[in-house]
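> Build me a model from this:
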Amino acid sequence: MNHSPRIRTVVSCATLVVALGAAATACDSDGHPLSARPYDAAGQISFSGPDENQKVDPDKPLEITATGDDGRITDVTAIDTSGRYVAGELSADGSRWHSTSPLAAGAHYTVRVSTEDADGAAGRQIIAFDTSTPKTKKALDVTFGPGAGEYGVGQPVTAVLSAPIKDKAARAVVEGALRIDSEPAVEGAWHWVDDKTLHYRPKEFWPAQATIQAHSNLKGLKVAERLWGGEAKPLQLTTGNRLIAVTDAATHRMTVYENDQAIKQIPVTTGKPGFETRNGVKVVLGKEYFVRMRGTTVGIAEGTSDSYDLPVYYATRVTWSGEYVHAAPWSVGQQGLANVSHGCTGMSTANAKWFFEHVREGDIVKVQNSKGKIMDLFGNGFGDWNLDWQNWLSGSALMAHGPESPFAADSARLRPEPV
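Predicted structure coming up:
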């Protein structure tokens, strides 16, 4: 059976009929249709685009339509030279396929269309085109964080945008282009902290000895009017052992677990009444061998009974506002017995040195049974793990009913807090 091209006059000026050559024979020498090479489907499909040799407007959706009454589209694959696929939907009757994700500006695309005629013979057509680049546009750049290196299993990946994104559809475009891959693979999601900041974390902590890679496919994609995806430097992190320190403010003990095995118990003191240590999961932000801590930085008047001005050693930071795990030789007599600090977790110098040398950024410090408030979710460190998984997903533009996070980031404060 021979298939000759069938050309249809298209009324819409936005549709260009693809006619790239004569059709081929659908059956081979033995006449069996399943062993036939696909015939050239030119004339059986139409493609939305400009005249030949002109560039496609990336702001408009891509559309492939079956032009005949006795054939249908069975599959469409569209990909650019950087390996980005275009998502799309095929109608149930195979008459139309249209893109559901944006095209990139200034890109070259190859579209492979598979068809089937009324007799079940397979056809195919390849369409290649370039997209135009808007003359006036602003680039949306992305900066991934933290820096490359080895971290604890609680370290979130951050993405900071160069411009605020408020529109839900625009957020979905951005979020869908920011990719996190890990080995071993785990379930995870982005959460919009504010209009310019996203955090990514798994459902549970990262696995120990994992490799995490962040990269962006946003470049060239339209995000909003006159705003297009820009540059983003890829990021690679690794995790070390699973180290989690759990402080029980009621028993005045910290238990340190490494790969789920308890390796050390430490007598501690936490915040006294009026200065209770925050409950919840915190992430180690950094380590400082020496910090000068003064009560005036947290609103304690100089000369009052709660005033202090102390040199502090082996200080492991867990909030930007100044909560630390640190050496407190002045309270060794109360450690393991009572809570006498101004909010930090204090321990002997020897124990603080051991802790300082064993933890890294991204390790977990959890406080329980304190009468203090829960750790801030964002803005004062990483309180990300204090959201259950469903509430975390509610801050995703792709996985929730809406991308708007119910939590606003507090402004970061870099000052020593209580001892």
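> and residue 112, what does it touch?
Applying Cβ atoms under 8 Å, 6 or more residues apart in numbering, one finds that residue 112 lies in contact with 75, 76, 77, 78, 124, 125, 126. All C-beta spots, glycine's among them, are computed from the backbone N, C-alpha and C.
> how about 10 Å then?
75, 76, 77, 78, 79, 124, 125, 126, 127 (Cβ atoms under 10 Å, 6 or more residues apart in numbering).
> next one: residue 290
When contacts are counted by Cβ under 10 Å, 6+ apart, residue 290 touches 311, 312, 313, 314, 315.
> Isn't the second one up against residue 342?
Translated: residue 312. No - under the contact definition of Cβ atoms under 10 Å, residue 312 does not touch residue 342, with a separation of 11.5 Å.
> Spatially nearest residue to residue 183 (excluding sequence neighbours)?
Taking Cβ to Cβ, 6 or more residues apart in numbering, and ignoring the residues beside it in sequence, residue 183 has residue 211 as its nearest neighbour in space, at 4.8 Å.
> Ok, residue 177 next?
If the residues on either side of it in the chain are set aside, residue 177 comes closest to residue 218, at 3.9 Å by Cβ to Cβ, 6+ apart.
> Closest one to residue 355 out of the contacts of residue 290, please.
The closest of the contacts of residue 290 to residue 355 turns out to be residue 314 (Cβ to Cβ; 7.2 Å).
> quick one: that closest one is in a strand?
Yes - secondary structure of residue 314 (DSSP: H, G, I helix; E, B strand; the rest coil): part of a strand.
> Now for it, how many residues are close by?
25 (other Cβ atoms under 10 Å).
> Spit out the contact partners of it.
Taking Cβ under 10 Å, 6+ apart as the contact definition, residue 314 lies against 287-291, 324-328, 347-357.
> Also residue 38?
Residues 24, 26, 114, 115, 116, 121, 122, 123, 124, 125 are the ones in contact with residue 38 under the rule Cβ under 10 Å, 6+ apart.
> Narrow those residues to just the buried residues.
Among those, those that count as buried by neighbour count (16 or more other Cβ atoms under 10 Å) are 26, 114, 115, 116, 121, 122, 123, 124, 125.
> min pLDDT across the contacts of residue 290, which one?
Taking those together, the minimum pLDDT is found at residue 311 (90).
> Helix, strand, or coil at residue 176?
helix.
> just to revisit the earlier point, what backbone torsions are found at the residue nearest to residue 177?
Dihedral pair for residue 218: phi -80, psi -20, per degrees, to the nearest 10.
> try the one 10 residues further on
For residue 228, the backbone dihedrals (degrees, to the nearest 10) come out as phi -130, psi 150.
> for stretch 53-67, which positions count as buried?
For stretch 53-67, burial by neighbour count (16+ other Cβ under 10 Å) applies to 55, 56, 57, 58, 62, 63, 64, 65, 66, 67.
> want to throw those residues into a markdown table with pLDDT and secondary structure?
Converted to a markdown table, those look like this (pLDDT from 0 to 100; DSSP: H, G, I helix; E, B strand; the rest coil):
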| residue | pLDDT | secondary structure |
| --- | --- | --- |
| 55 | 87 | coil |
| 56 | 86 | strand |
| 57 | 83 | coil |
| 58 | 83 | coil |
| 62 | 88 | coil |
| 63 | 90 | strand |
| 64 | 89 | strand |
| 65 | 89 | strand |
| 66 | 86 | strand |
| 67 | 81 | coil |
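> Validate this expectation: residue 310 resides in a strand.
Yes - in this structure, residue 310 lies within a strand as judged by three-state DSSP.
> So what's the residue count around the residue nearest to residue 183?
Per other Cβ under 10 Å, the neighbour tally for residue 211 reads 14.
> Next: residue 47.
Residues within reach of residue 47, counting by other Cβ under 10 Å, total 18.
> how about the strands of the stretch 51-200 of the chain, start to end?
Counting by DSSP state E, counting those that start in this stretch, the stretch 51-200 of the chain has these strands, from start to end: 63-66, 71-80, 88-90, 96-99, 108-117, 122-130, 138-145, 149-151, 157-161, 178-183, 188-194, 197-202.
> What strands line up against the last one, and which way round?
Translated: strand 197-202. Strand 197-202 has these partner strands in its sheet, going by DSSP bridges: strand 157-161 (antiparallel), strand 188-194 (antiparallel).
> circling back: now, among the buried ones among the contacts of residue 38, which is nearest to residue 361?
Proximity of the buried ones among the contacts of residue 38 to residue 361 (Cβ to Cβ) peaks at residue 114, which lies at 50.1 Å.
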